[in-house]
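S.K.: Got a sequence here, can you model it:
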Amino acid sequence: MAIVVHLEQKLKEKSMTGKELCRLVGITEANLSILRSGKAKGVRFSTINKICYYLGCDVGDILAFDGQLEDDDEE
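M.R.: Alright, predicted model coming up:
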């Protein structure tokens with residue numbers, strides 16, 4: 001995976017549950033689970049904006065590039 005998701009660590013740092021974040025951001029727990037696992041193929045900027053707002057962090061605190069090129073065909 002070329003993009004690494006550090007959402008779990010941020011939630012722990014802020015002592016916030018995934019359920020609470022879902023309520024604040026307006027996404028389902030299933031969608032948050034996909035994002036947390038790093039299996040999401042895309043995410044709306046508005047969702048990232050809300051996540052960063054409620055966690056009090058920057059985009060780079062929850063998403064990182066691992067230096068690898070990921071093919072679109074990879075699953």
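S.K.: Report the mean confidence score over the longest helix belonging to the chain.
M.R.: Longest helix of the chain, by residue count under DSSP state H: helix 45-55. Average pLDDT, helix 45-55: 97.
S.K.: Ala64 and Lys41, how far apart?
M.R.: 17 Å (CB to CB, to the nearest Å). Where C-beta positions appear, they are placed from N, C-alpha and C, glycine not excepted.
S.K.: Look at the two and report which has more neighbours.
M.R.: Between Ala64 and Lys41, Ala64 has the larger neighbour count (other CB atoms under 10 Å), namely 13 against 7.
S.K.: does the more buried one belong to a helix or a strand, and which?
M.R.: Applying DSSP states H and E as the criterion places Ala64 in strand 63-65.
S.K.: Which positions within the longest helix of the chain qualify as buried?
M.R.: Buried residues in helix 45-55, counted by 16 or more other CB atoms under 10 Å: Thr47, Lys50, Ile51, Cys52, Leu55.
S.K.: before we move on, what about stretch 11-18?
M.R.: Leu11.
S.K.: Contacts for it next, please.
M.R.: Leu21, Glu29, Leu32, Ser33, Arg36, Tyr54, Leu55, Gly56 (CB atoms under 8 Å, 6 or more residues apart in numbering).
S.K.: export these to TSV and tack on distance to Gln68?
M.R.: Listed next are the contacts of stretch 11-18 as TSV, based on distance: CB to CB, whole Å:
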residue	distance to Gln68
Leu21	28
Glu29	29
Leu32	24
Ser33	23
Arg36	20
Tyr54	30
Leu55	26
Gly56	29
